[in-house]
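# Below are the sequence and a predicted model for it; my questions follow.
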Amino acid sequence: MILRMRKVIINVSIIYFLLLTGYKLFSLYYPLYLNLKGISLLGVGINYFFLYFSLGIFSLLFSFIRQVKPKRMIIVAISGYAIYSLGMIFVSSMTQFLIFQVLLGFFAGMFYVFARITILEETKARASEYGYFYIAPIISSLIAPIVGGILIYFFGFFAAFVASIVIYLTGIIFTTINMNEFSIFERKRRFEIKDWSSILFFFSILLVVGMYRAFFVLFLKGIGMNQDNIILFILIVNAILFTPLIISRKLFDKYSTREYISIATIIYAFVTAVITFSSNVIIIFFLSLIQSFLFIFLASQKSGWLSRMSIYKKEIAIIDTCIESFGVAVGALISGYLISSISFQYTFLIFSIFLIISTLIFYSRSHFTTTLFARLRGLSGLRPR
């Protein structure tokens, strides 16, 4: 049973790695590309909003599907990524690109929901197991930007799109051969999530992630780094980050408590606030290492924590995907507006303060609730049973 569980999580992680490797051949350059095309900072935020908001909306729609075969849905999703890359070759206007962002959101939502369903169905869905899933993007970030950069430099974006299609086809073949097929059938019912405060807390983390994902490369450009230096910066961060992540992944379960998650989030918020107030690349580099490690930890804890909130696996997979999608979408949109109105520094500071407040509420919630009900019982003369 343990070997089977380990095989499932590794297979899903490999599929995720192949999917993101194909996408990251060109996606890292997207904010820089929009900036070079004269798109405003607010416009960059709007583009990310289109992608992630549509991802969240379509993820919710999958709740209406009563009987599904996750393996087949994952294959369809990867095929959709290939269609997106093929379409990008022929895009000629920003409007068309936004349409393809919505199309990508549909297939991305399909993949994330049914990949998470597979993890929930065939493993214990612990934070350490999700750690494998969230380390996959780190590995793809080590390879894809360099390969994509070389292809774009010598042959243009056309070569990167074609290469991504080849990688997606490889992912489809791997999924077909290695993934087990099983069915999930759920009768019509309402969502039964009870701990909405935890959902709002993790949503606040993803707001900061959305801001960071959309604008960090533009911040690096703003302090004088060119595209080649930005790629090298991200590559070195991920290369150094990889070893401690692999070593510490098994510790994720040990520290899967409200207290440790809160401490990690406050440090994450503090680092996010400080990082843009420095123009020293070395300082930014070390802060980025800390921030990236904490993000993987928090992402794994998010999925592990949510998996314990409900017995309905499809429901949790959808909620997990929606939190991530809507959080990134709203964070990118709001930060795009704020950065264009004030500055990178104060926008990152505002988001960080908001996250610290959310964390304190999340941490104190159980203590506050216990104290409140004890006082109410005292005032009413009731005694606990």
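It's in.

# contacting residues for the nearest residue to residue 349 once chain neighbours are set aside?
Among residues not flanking residue 349 along the chain, residue 273 sits closest, at 4.9 Å (Cβ to Cβ, 6 or more residues apart in numbering). C-beta: built from backbone N, CA, C; applies to glycine. Residues in contact with residue 273, defined by Cβ atoms under 8 Å, 6 or more residues apart in numbering, are 348-349, 352-353.

# tell me which element residue 273 is part of?
Using DSSP states H and E, residue 273 sits within helix 258-275.

# Give the next helix or strand downstream of that helix.
helix 281-307.

# Please point out which parts of that next one sit buried.
Buried positions in helix 281-307, judged by neighbour count with 16 or more other Cβ atoms under 10 Å: 284, 287-289, 291-307.

# Now the helix holding residue 273: buried residues?
So for helix 258-275, counting by 16+ other Cβ under 10 Å, buried means 258, 261-262, 264-266, 268-275.

# Ok, stretch 201-220 next?
Going by neighbour count (16+ other Cβ under 10 Å), the buried part of stretch 201-220 is 201-220.

# Leaving out the residues flanking it, which one is nearest to residue 41?
residue 340 (4.4 Å).

# now the helix or strand the one you found falls within against helix 281-307, angle please.
Element membership of residue 340 [criterion: DSSP H and E] is helix 313-341. Angle between the axes of helix 313-341 and helix 281-307 is 150 degrees (criterion: axes from the mean of the first three to the mean of the last three Cα atoms, to 10 degrees).

# Could you check how far helix 313-341 is from the centre of its chain?
Computed by Cα atoms, centre = their mean, to the nearest Å, the chain-centroid distance of helix 313-341 equals 9 Å.

# got it, and stretch 7-19?
From the chain centre to the centre of stretch 7-19 is a distance of 16 Å (Cα atoms, centre = their mean).

# Run through who's touching it.
74, 78, 81, 111, 115, 118-119, 122-123, 129, 132-133, 135-137, 139-140, 167-168, 170-171, 174-175, 178-180.

# of the residues you listed, buried ones?
In these, the ones that pass as buried (16+ other Cβ under 10 Å) are 74, 78, 81, 111, 115, 118-119, 122-123, 129, 132-133, 135-137, 139-140, 167-168, 171, 174-175, 179.

# Which of the residues you listed fall in strands?
Counting by DSSP state E, the buried ones among the contacts of stretch 7-19 place none of their members in strands.

# Could I get the contacting residues of the residue nearest in space to the middle of the chain?
Central residue of the chain (Cα atoms, centre = their mean): residue 324, 5.6 Å from the mean position. Contact analysis of residue 324 by Cβ under 8 Å, 6+ apart lists 112, 206, 302.

# Not counting residues beside it along the chain, what's closest to the second one?
When you say that, I think you mean residue 206. Residue nearest to residue 206 in three dimensions, not counting chain neighbours: residue 327, with 2.4 Å by Cβ to Cβ, 6+ apart.

# got the contact list for the one you found?
Contacts of residue 327 by Cβ under 8 Å, 6+ apart are 202-207, 209-210.

# pLDDT wise, what is residue 263 at?
pLDDT, residue 263: 92.

# do the same with the one 4 residues further on
Predicted confidence (pLDDT) at residue 267: the value is 94.

# close enough to count as contact, it and residue 290?
Yes. Using Cβ atoms under 8 Å, residue 267 is in contact with residue 290, at 7.3 Å.

# got any ranges where the stretch 101-250 of the chain has weak pLDDT?
Applying pLDDT under 70 to the stretch 101-250 of the chain picks out residues 184-195, 249.

# And the helices in it?
Secondary structure of the stretch 101-250 of the chain (DSSP state H, counting those that start in this stretch): helices located at 127-155, 157-178, 196-222, 227-248.

# Can you add distance to residue 100 and give those back as CSV?
Output for the helices of the stretch 101-250 of the chain, formatted as CSV (distance: least, Cβ to Cβ, whole Å):
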stretch, distance to residue 100
helix 127-155, 18
helix 157-178, 11
helix 196-222, 18
helix 227-248, 23
